[in-house]
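>>> What follows is a protein structure lacking sequence information:
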């Protein structure tokens, strides 16, 4: 058994770099899609429990765990439904828009370090790459809204695009703060520079930026309470009102993939990625709990995803002008002030700036 | 070899996209062709290891500028027939501008001798741990610190001017003061009145 595993590892190592990268890309993409499937179920369950309901509880897999088969039932239902293309729609853009929404959400995983060893690309400009990709996600939404040739869809697309452009700035400035604290744009190094236990992570010294990033992340993914892009009572369903079947499912997939992405990025930028919260503390830090691993990242991502669901279940929707005010007049000034504070912290060498890489 | 093949693919797509910008009948298609050209030129920059420029091109132009372009073009009610009026009448002006531009670019390249580049030598790649962003930052914040700051000040002035242009106060306009709305408390709006119970007559 043991020799077989060594053989397999040797075989894996002998494959060309290109093949290995392609295999990793496939593994990560399928993993993200499976996570999305179960996230939809988890969301409905959590919101159900918060509202004293049971949530989905009919479809079973192999007769166990009621509700576990729900995502697959949903996928099969959507796959077998007809994709209706409105007769006055711009056919080409209408068909390509869902793909444009989904591609950036999945392509961003290329630079995210899942564990100390596991990352598809150790790009030096990883952080910039992420910013560029997240700014491209808006095209899927705008084009979907415009090409459908529907008033509601266009209104939803306009709202969503304005909101995303506004919150991207706050997000970018929050990341400038992370950049200053890490001294690198490589995501693996950003994680490594936070080494040293729970209080050494970026959230402690960059707490306002963490809050801004999380709020901007919720707004960027068009999730409640910032989901005016699909405000049901005002514009039916927003930009994807004309989409049906699997084309609608792709937008759904993109939204949830973006949620997982933002949660992962929050964990990487502010909560030490794959680092253990116990590392560096005497006693527990020397056991297996102190080791960095993929499971710590998974746990952190799970907590942030739960926050997304919690927000949706508890907060009423923002009014559109209030969203704009929050983005431009509250979040951006906070980030600017905190970057100034960071300059002072760097000048007197405290926090992350007391570490050896800074000198 | 792979790089050459990729270069020719991206370059072909770039030229095709650029042609699409000026030949598309629908202005929204023009904007989308421009986005396509930007993405392809970013890919070409990536091939020559200028990853900072490539990513910033996508981030700034594709992610922000073109989104606003698309916004405006989608909202406008453009009468295409009106725009095309006088196309042949002004075509000579366009040709002259295009030729002058090409002449200027050629002259600059000619005079600088391709900036000292030895074209025959081919492209030399940098070592693996070379960070384009780091090098650019190092130069921008030391050698060119003053021009860089000047450019920043210029941009801030432009921002202030743009905002000042859109700001206009109209008397008698009813608007919501959101900070006022957010700061409101229940006691300001709601008065609980205690009404004494009356005896049934």
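Sure, I can see it. All figures in this text were calculated on a predicted structure; none of them were measured in a lab.
>>> contacts and neighbour counts: CA atoms only from here.
Noted.
>>> which parts of chain A sit against chain B?
A:124-125, A:128-129, A:131-133, A:135-136, A:138-139, A:146, A:158, A:161, A:165, A:322 (C-alpha under 8 Å from any C-alpha of the partner chain).
>>> Among these, which lie within strands?
Secondary structure from DSSP state E places none of these in strands.
>>> ChimeraX command for the buried members of the residues you listed?
Selection of the buried residues among these in ChimeraX, burial being defined by 16 or more other C-alpha atoms under 10 Å in any protein chain shown:
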select /A:124,125,128,129,131,132,133,135,136,138,139,146,158,161,165,322
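>>> List just the nearest of the residues of chain A next to chain B to residue A:213.
residue A:131 (12.6 Å; C-alpha to C-alpha).
>>> There's contact between that closest one and residue B:57 in this structure, I believe.
No: in this structure residue A:131 lies outside contact range of residue B:57 using C-alpha atoms under 8 Å: 11.6 Å.
>>> Tell me the residues that contact both of the two, please.
Both residue A:131 and residue B:57 lack any common contact, where contact means C-alpha atoms under 8 Å, 6 or more residues apart in numbering or on different chains.
>>> And the contacts of stretch A:50-61?
Stretch A:50-61 has contacts (C-alpha under 8 Å, 6+ apart) with A:41, A:44-49, A:66-70, A:73, A:313.
>>> go again using 10 Å as the cut-off
Stretch A:50-61 has contacts (C-alpha atoms under 10 Å, 6 or more residues apart in numbering or on different chains) with A:41-49, A:65-73, A:310, A:313-314.
>>> same thing with stretch A:274-288?
A:113-116, A:188, A:191-192, A:194-201, A:267-268, A:271, A:289-300.
>>> for that stretch, which positions count as buried?
Buried residues in stretch A:274-288, defined by neighbour count with 16+ other C-alpha under 10 Å: A:274, A:275, A:276, A:277, A:278, A:279, A:280, A:285.
>>> Show me what from chain B comes close to chain A.
Counting by C-alpha under 10 Å from any C-alpha of the partner chain, the residues of chain B close to chain A are B:28-29, B:32, B:51-52, B:54-64, B:66-68, B:70-71, B:74-75, B:129-134, B:176, B:178-179, B:181-182.
>>> quick one: average confidence on stretch B:35-52?
Stretch B:35-52 shows a mean pLDDT of 89.
>>> Now the residue of the stretch 251-359 of chain A at minimum distance from chain B. Nearest residue, chain neighbours left out?
Closest residue of the stretch 251-359 of chain A to chain B, C-alpha to the nearest C-alpha: residue A:322 (6.9 Å). Sequence neighbours aside, residue B:178 is the residue nearest to residue A:322 in space, at 6.9 Å (criterion: C-alpha to C-alpha, 6 or more residues apart in numbering or on different chains).
>>> and the one you found, how many neighbours does it have?
Residues within reach of residue B:178, counting by other C-alpha atoms under 10 Å in any protein chain shown, total 13.
>>> if I look at it, how far off is residue B:184?
Per C-alpha to C-alpha, to the nearest Å, residue B:178 is found 10 Å from residue B:184.
>>> hmm, back to that, and the contacts of stretch A:50-61, which of them are buried?
Applying 16+ other C-alpha under 10 Å to those flags A:41-47, A:67-72, A:310, A:313 as buried.
>>> I'd like to know how many residues surround residue A:215.
For residue A:215, the neighbour count with other C-alpha under 10 Å is 20.
>>> Let's verify it: helix, strand, or coil?
helix (DSSP: H, G, I helix; E, B strand; the rest coil).
>>> Is the residue lying closest to residue A:125 once chain neighbours are set aside part of a helix or strand, or is it coil?
The shortest distance from residue A:125 to any non-neighbouring residue, by C-alpha to C-alpha, 6+ apart, is to residue A:185 (5.3 Å). Secondary structure assignment for residue A:185 (three-state DSSP): coil.
>>> Just the pLDDT at residue A:185, thanks.
Looking at residue A:185, its pLDDT is 84.
>>> now residue B:110
78.
>>> residues touching it, list them.
residue B:104.
>>> from the middle of its chain, how far away would the strand or helix carrying it be?
Element membership for residue B:110, per DSSP states H and E: helix B:87-112. With C-alpha atoms, centre = their mean, to the nearest Å as the basis, helix B:87-112 stands 24 Å off its chain's centre.
>>> One more: stretch A:242-252?
Distance of stretch A:242-252 from its chain centroid, counting by C-alpha atoms, centre = their mean, is 20 Å.
>>> what does stretch A:194-206 give?
On the basis of C-alpha atoms, centre = their mean, stretch A:194-206 sits 21 Å off its chain's mean C-alpha point.
>>> can you tell me the distance between the two ends of that stretch?
End-to-end distance for stretch A:194-206: 12 Å, by C-alpha to C-alpha.
>>> pLDDT on it, on average?
For stretch A:194-206, mean pLDDT rounds to 83.
>>> Repeat that for stretch A:265-276.
Taken as a whole, stretch A:265-276 has an average pLDDT of 88.
>>> same deal with stretch B:18-31?
Stretch B:18-31 comes out at a mean pLDDT of 87.
>>> coming back round to it: just the ones in strands from the buried residues of stretch A:274-288, please.
Going by DSSP E, the strands hold none of these.
>>> From these, which land in helices?
Nothing among the buried residues of stretch A:274-288 maps onto helices, per DSSP state H.
>>> now those residues as JSON lines including distance to residue A:97?
Below are these laid out as JSON lines (distance: C-alpha to C-alpha, whole Å):
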{"residue": "A:274", "distance to residue A:97": "34"}
{"residue": "A:275", "distance to residue A:97": "37"}
{"residue": "A:276", "distance to residue A:97": "40"}
{"residue": "A:277", "distance to residue A:97": "41"}
{"residue": "A:278", "distance to residue A:97": "45"}
{"residue": "A:279", "distance to residue A:97": "45"}
{"residue": "A:280", "distance to residue A:97": "48"}
{"residue": "A:285", "distance to residue A:97": "48"}
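>>> contacting residues around residue B:95?
So residue B:95 contacts residue B:101 (C-alpha under 10 Å, 6+ apart).
>>> measure it to residue B:102 for me?
As for residue B:95, its distance to residue B:102 is 11 Å (criterion: C-alpha to C-alpha).
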